[in-house]
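Engineer: Using only what follows, build the 3D model:
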Amino acid sequence: MLVFAASHSARLKYILDYLLTFRLGINYHITDKIDYFLTSKENKIHYGQELEEGCLNIPSISILFEESIKEQKIQIVEDEKWLFQFFFQPYNIIPDFKHQTYYLPFDLLSASFYLLSRYEEYLPSKKDEHNRFKPENSLAFKHGFLEIPLIDFWLIQFEKILKKQFPEIETKSHQFKQLNTIDIDFAYKYKGHSFWALGRKFIGSILKRNFDKNSLVQPETDPYDTYNTLVEKPNKLNIETIFFLLLADYGGNDKNISPFSIEMKTLVQTLSSMYSMGIHPSYKASLNSKTNQLEHQIFKTLTGEKPKKSRHHFLKIRLPDNYKIMEGLELESDYTMAYSSAVGFRASTSFPFKFFDLHANLERNIEIYSPCLMDVTLKNSLQLSREGAIEKINQLRKTVKAVDGYFISIWHNSSFDSTQGWAQWEDVYQGLFE
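Structural biologist: Numbering: from 1, shown residues only. From the prediction side, this is the model:
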């Protein structure tokens, strides 16, 4: 595929690599020489402000040729075919061509780049109490498409038009894939805790008027020891499960058992022998690269390998800083790109994608996997009943299946404890796989 653009840029290459090569399996090369483009016999895409005959035309705005980050004028229009459109650049004249010529109604490349790069998260906005970008500030939330992987639906329409223009072209097909991801924020409720930690837990239960005798006499089965339940159904369905380990010093928002305890070592050895493991950088580590490095060293000590996968505790990431740190630590993939207070597709896609650093204006060597739901979001933020949560899960999975994408969920081993309001939520968890 030959693509004409007025000039080359890192942003243009990034989005063409993603849309054409990764998603559609089409090799391409770019030219800024219009005479060469017009005389070429290759299949052609013209990216510009004028229509050219005999090729697929995409209207262009300036964002892919800029290096700055600034407020963009965005007008959202709902559309039956494209669902939602923005970044319009109408063609001045639409001639009566002799040869078949198709064109798009909006700048698909720039719109996809804006959503995928998380451009809006670099702009000034009011953060939540944990200094995270709020879903309410996103374009997707404001205009009602957060629960739609919009880029994936755009690509379905784009592929149809591409094949009308070039009937002989072959594109890559994808298959629906489900990933089951588990955060181990608290390996056990009682087991492995120090005498002082159990004492604090006991005193806290008295102050809350919810007397917890198990803090003094541990139960035979720990309420958070749900690991067999977590893997039973996905194992039967050949669905991959990934565990993310929190390996921080106790304190603040990081309250797992000691990573040096016998209980943690035994648990990690058991899980890592059968399942993929990732690191769950602590709340403190999201603000301190040295703490992050220390936790990586602990992970390697426990598993015998450097971590390759990551998801930050509290889904707390700062763009682009955390991804730059991840690249330096030789991580390969990250699973943090989700909101804690809303379900849906933070980057408007269910497929993995490479992170583009808008500050450095380059693609980072980190692949992002974007979960579309989390257990505590369903229960606490959305305050859904068990039935409502199962319905929301089914809705999101159906949406992802429609685009043959990746259905990624976040769960916690601690999310079945009836004393903490999770009675019968095992049914909701099982609903992920039905």
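Engineer: quick one: low-confidence ranges for this structure?
Structural biologist: In the predicted model, the chain carries pLDDT under 70 at residues 194-196, 198-209, 211, 213-217.
Engineer: For my notes, confirm Phe345 occurs in a strand.
Structural biologist: No: counting by DSSP: H, G, I helix; E, B strand; the rest coil, Phe345 falls outside a strand, being coil.
Engineer: okay, now the residue nearest to it when sequence neighbours are not counted: neighbour count?
Structural biologist: Nearest non-adjacent residue to Phe345, counting by C-beta to C-beta, 6 or more residues apart in numbering: Pro149, 4.6 Å away. The way it works is simple: take the backbone N, C-alpha and C, and place the C-beta from them, glycine included. Pro149 has 28 neighbouring residues, counting by other C-beta atoms under 10 Å.
Engineer: ok, which stretches of this structure are helices?
Structural biologist: Counting by DSSP state H, the segments of the chain that form helices are 10-16, 34-39, 108-116, 139-142, 150-165, 195-207, 227-236, 262-272, 289-303, 321-328, 375-376, 386-402, 426-430.
Engineer: ok, and for the last one, which residues are buried?
Structural biologist: By 16 or more other C-beta atoms under 10 Å, the buried positions in helix 426-430 come out as Val428, Tyr429.
Engineer: Show me what it is packed against.
Structural biologist: Helices and strands touching helix 426-430, by 3 or more C-beta pairs under 8 Å, 6 or more residues apart in numbering; DSSP states H and E, are helix 227-236, helix 386-402.
Engineer: Nearest to Phe158, out of those?
Structural biologist: Closest approach to Phe158 among these is made by helix 386-402 (15.6 Å; C-beta to C-beta).
Engineer: Name the surrounding residues that touch that closest one.
Structural biologist: 147-149, 153, 176, 178, 343-344, 350, 372-373, 378-379, 382, 384, 406-407, 409, 424-425, 427-428, 431-432 (C-beta atoms under 8 Å, 6 or more residues apart in numbering).
Engineer: Among those, which are located in strands?
Structural biologist: Gln178, Leu373, Tyr406, Phe407, Ser409 (DSSP state E).
Engineer: what residues are up against Val231?
Structural biologist: Thr241, Met274, Tyr275.
Engineer: Out of those, which is nearest to Glu53?
Structural biologist: Thr241 (52.6 Å).
Engineer: isn't the closest one right up against Asn180?
Structural biologist: Yes: if you go by C-beta atoms under 8 Å, Thr241 and Asn180 touch, sitting 4.4 Å apart.
Engineer: Any chance you could list residues touching both of these two?
Structural biologist: By C-beta under 8 Å, 6+ apart, the residues touching both Thr241 and Asn180 are Leu230, Pro234.
Engineer: who has more neighbours, those two?
Structural biologist: Asn180 (24 against 19).
Engineer: if I look at that one, how far off is Asn380?
Structural biologist: 20 Å (C-beta to C-beta, to the nearest Å).
Engineer: Domain ranges for the protein, per the record?
Structural biologist: Domain ranges of the chain: 2-165, 177-188+224-433, per automatic domain parsing.
Engineer: picking that back up, my guess is the residue nearest to Phe345 meets Asp404, correct?
Structural biologist: No: look at Pro149 against Asp404 with C-beta under 8 Å: they stay out of range, at 10.7 Å.
Engineer: Which strand residues bridge the residue nearest to Glu42 when sequence neighbours are not counted?
Structural biologist: Nearest residue to Glu42 in three dimensions, chain neighbours excluded: Leu2, at 4.3 Å (C-beta to C-beta, 6+ apart). Bridge pairing for Leu2 (DSSP bridges) gives the partners His29, Lys44.
Engineer: quick revisit: ok, of the ones in strands among the contacts of helix 386-402, which one's closest to Val268?
Structural biologist: Ser409 (22.1 Å).
Engineer: What is the neighbour count of that closest one?
Structural biologist: 23.
Engineer: same check, this time on Asp128
Structural biologist: Number of residues near Asp128 (other C-beta under 10 Å) recorded here: 15.
Engineer: The one 4 residues further on too?
Structural biologist: If you count neighbours by other C-beta under 10 Å, Arg132 ends up with 19.
Engineer: what's the spacing between Asp249 and Ile279?
Structural biologist: Taken as C-beta to C-beta, the span from Asp249 to Ile279 is 15 Å.
Engineer: what's the answer for Lys290, then?
Structural biologist: 15 Å.
Engineer: more neighbours, these two?
Structural biologist: Ile279 (27 against 8).
Engineer: hey, which of the domains of the chain is tucked in deepest?
Structural biologist: With neighbours defined as mean count of other C-beta atoms under 10 Å, the domains of the chain peak in mean count at domain 177-188+224-433, which reaches a mean of 19.
Engineer: Now do the contacts for the nearest residue to Tyr102 once chain neighbours are set aside.
Structural biologist: Leaving aside its chain neighbours, Tyr102 sits nearest to Gln165 (4.7 Å; criterion: C-beta to C-beta, 6+ apart). By C-beta under 8 Å, 6+ apart, the contact list for Gln165 reads Asn43, Cys55, Leu56, Gln100, Thr101, Tyr102.
Engineer: Could you report the distance from the residue lying closest to Leu146 once chain neighbours are set aside to Glu159?
Structural biologist: Of all residues not flanking Leu146 in the chain, Gly344 sits nearest, at 3.7 Å (C-beta to C-beta, 6+ apart). Here Gly344 is placed at a distance of 23 Å from Glu159 (C-beta to C-beta).
Engineer: Adding distance to Ala197 as columns, could you present the domains of the chain in TSV?
Structural biologist: Converted to TSV, those look like this (distance: least, C-beta to C-beta, whole Å):
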stretch	distance to Ala197
domain 2-165	23
domain 177-188+224-433	7
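Engineer: just wondering, since we're on Tyr413, how far is it from Ala187?
Structural biologist: For residue 413 the amino acid is Asn, not Tyr. 8 Å.
Engineer: shared neighbours of these two, anything?
Structural biologist: With C-beta under 8 Å, 6+ apart, Asn413 and Ala187 have common neighbours Tyr224.
Engineer: picking that back up, how about the helices of the chain, which one is nearest Gly25?
Structural biologist: Comparing these by C-beta to C-beta, helix 150-165 comes nearest, at 10.4 Å.
Engineer: Output that closest one as PDB, nothing but the C-alphas.
Structural biologist: Extracted C-alpha coordinates of helix 150-165, given in PDB (Å, rounded to 0.1, in the frame of the first residue of the first chain):
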ATOM      1  CA  LEU A 150     -14.700   3.000  19.100                       C
ATOM      2  CA  ILE A 151     -11.400   2.500  17.100                       C
ATOM      3  CA  ASP A 152     -12.200  -1.200  16.700                       C
ATOM      4  CA  PHE A 153     -15.600  -0.300  15.200                       C
ATOM      5  CA  TRP A 154     -14.000   2.400  13.000                       C
ATOM      6  CA  LEU A 155     -11.600  -0.200  11.600                       C
ATOM      7  CA  ILE A 156     -14.500  -2.500  10.600                       C
ATOM      8  CA  GLN A 157     -16.000   0.200   8.500                       C
ATOM      9  CA  PHE A 158     -12.600   1.300   7.200                       C
ATOM     10  CA  GLU A 159     -11.800  -2.300   6.100                       C
ATOM     11  CA  LYS A 160     -15.100  -2.500   4.200                       C
ATOM     12  CA  ILE A 161     -14.400   0.700   2.300                       C
ATOM     13  CA  LEU A 162     -10.800  -0.400   1.700                       C
ATOM     14  CA  LYS A 163     -12.100  -3.600   0.100                       C
ATOM     15  CA  LYS A 164     -14.600  -1.700  -2.000                       C
ATOM     16  CA  GLN A 165     -11.800   0.500  -3.400                       C
END
